[in-house]
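Asks: Take this sequence and fold it.
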Amino acid sequence: MKEFPHIPIPNPPLLLDEAAAALRMSPQTLRDLRDRGKGPKARIIAGKLLYRVNDLDEWLEQQPPS
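Replies: Numbers count the residues shown, from 1 in each chain. Got it, this is the predicted structure:
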């Protein structure tokens with residue numbers, strides 16, 4: 001397998017499990033929110049569901065306070 005150099009990305013994409021962990025919820029809950037159109041923006045790239053950290057932050061700020 002070809003080795004690629006590590007290049008830091010300022011707003012790295014997260015996989016579903018990583019995004020769910022960052023939001024302190026289960027991957028299934030995040031998937032359900034996405035399916036209902038109520039979750040943070042996500043993109044499918046090369047067959048993988050990816051979330052940007054900035055999109056997670058933006059979505060959190062849009063949630064009503066409790």
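Asks: Mind listing the strands the lengthiest strand in the chain pairs with, and their directions?
Replies: In the chain, with assignment by DSSP state E, the single longest strand is strand 48-52. Note on strand 48-52: by DSSP bridges, its sheet partners are strand 13-15 (antiparallel), strand 43-45 (antiparallel).
Asks: if you compare those, which one is most tucked away?
Replies: A comparison of those by mean neighbour count, using mean count of other Cβ atoms under 10 Å, puts strand 13-15 on top with a mean of 16. (Each C-beta comes from the backbone N, C-alpha and C, glycine too.)
Asks: Other residues contacting the helix or strand that comes right after that strand?
Replies: On the C-terminal side of strand 13-15, the nearest following helix or strand under DSSP states H and E is helix 16-22. By Cβ atoms under 8 Å, 6 or more residues apart in numbering, the residues outside helix 16-22 that reach it are 14, 26, 27, 29, 30, 31, 40, 42, 49, 51, 53, 56.
Asks: so the first one touches residue 49, yeah?
Replies: No. Residue 14 is not in contact with residue 49 according to Cβ atoms under 8 Å; the separation is 9.6 Å.
Asks: before we move on, back to that, turn the strands paired with strand 48-52 into JSON lines, including mean pLDDT.
Replies: Below are the strands paired with strand 48-52 laid out as JSON lines (pLDDT from 0 to 100):
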{"stretch": "strand 13-15", "mean pLDDT": "96"}
{"stretch": "strand 43-45", "mean pLDDT": "95"}
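Asks: would you turn those into a markdown table with distance to residue 6?
Replies: Formatted as a markdown table, those follow (distance: least, Cβ to Cβ, whole Å):
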| stretch | distance to residue 6 |
| --- | --- |
| strand 13-15 | 15 |
| strand 43-45 | 19 |
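Asks: Nearest to residue 60, out of those strands?
Replies: strand 13-15 (13.7 Å; Cβ to Cβ).
Asks: returning to what we had before: need the buried ones from the contacts of helix 16-22 selected in PyMOL.
Replies: To isolate the buried members of the contacts of helix 16-22 in PyMOL, using 16 or more other Cβ atoms under 10 Å:
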select buried, resi 14+30+40+42+49+51+53+56
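Asks: So for residue 61, which of the strands paired with strand 48-52 sits nearest?
Replies: The nearest among these, by Cβ to Cβ, is strand 13-15 at 17.3 Å.
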